[in-house]
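Asks: just coords:
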């Protein structure tokens, strides 16, 4: 049972344009969401997070939007840079509220072309 | 502050052997979680330790176990290794002040 889904395995965008990565979840009890970026053979690096009491959180070039009614979140990267090329994972806190357990999506590979 | 460290970075074992992986969390972090990453299953939660007690457990067989020491360092053990245990094993420590998990570089385990 995949509770967090990233339906697009890959995304390719031109440098300077916007990258939009999407994530859907099924459990309405999830109350905290995070995005991580991962390079091969390295651990995930935290990018940005959002609590369910908000619908938007911004940090520099990264913005996360949360639509609770649709159980959908998205990560916007503007402008995209070649160094952003990596695998992006969205994750949700377990319904128990215990933030030591994250449920991850399958990841989306972003390629930013110069 | 130093990040999460994991040792060893790479490991090759044969079927039937056992393995122990180590993780040192960020200083001051008391929660340590372990994850398995494989191409087919993605990132899956193994277990979490807090103050030397297992607080959460994922859906893995009993061959996977862990422990945490009083200095918050954690180890995970996999007994009777199977080919399917080949994966990247990631450790993460949780910072309550930032409400975020921070990951180590991982241990790449190959079972032959």
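Replies: Cool, the structure landed. Only a predicted model underlies this, so the values are computations on that prediction, with no experimental measurement involved. Numbers count the residues shown, from 1 in each chain, chains lettered A, B, ... in the order given.

Asks: Look up how far residue B:2 lies from the residue located most distally from the centre of chain B.
Replies: For chain B, the residue at maximal distance from the C-alpha centroid (Cα atoms, centre = their mean) is residue B:97, at 22.2 Å. Separation of residue B:97 from residue B:2 (Cβ to Cβ, to the nearest Å) stands at 16 Å. C-beta coordinates here come from the backbone N, C-alpha and C atoms, glycine included.

Asks: Going along the chain, name the strands of the chain.
Replies: Chain wasn't specified; assuming chain A. A:4-5, A:10-14, A:19-25, A:32-38, A:45-51, A:56-59, A:62-67, A:72-77, A:86-93, A:102-104, A:108-113 (DSSP state E).

Asks: I was thinking of chain B, sorry if that wasn't clear
Replies: Taking DSSP E as the criterion, chain B carries its strands at B:5-7, B:10-13, B:19-24, B:31-38, B:42-50, B:53-57, B:64-68, B:74-78, B:87-95, B:100-103, B:107-111.

Asks: So which of those is nearest residue A:45?
Replies: strand B:100-103 (7.3 Å; Cβ to Cβ).

Asks: Please name the strands paired to that closest one in the sheet, noting orientation.
Replies: strand B:87-95 (antiparallel) (DSSP bridges).

Asks: tell me the mean pLDDT over the partner strand?
Replies: Strand B:87-95 shows an average pLDDT of 94 in the prediction.

Asks: picking that back up, as CSV, the strands of chain A with mean pLDDT and mean neighbour count would be great.
Replies: Output for the strands of chain A, formatted as CSV (pLDDT from 0 to 100; neighbours: other Cβ atoms under 10 Å in any protein chain shown):
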stretch, mean pLDDT, mean neighbour count
strand A:4-5, 95, 20
strand A:10-14, 97, 13
strand A:19-25, 97, 21
strand A:32-38, 95, 22
strand A:45-51, 94, 17
strand A:56-59, 96, 12
strand A:62-67, 98, 18
strand A:72-77, 98, 20
strand A:86-93, 94, 23
strand A:102-104, 92, 23
strand A:108-113, 97, 17
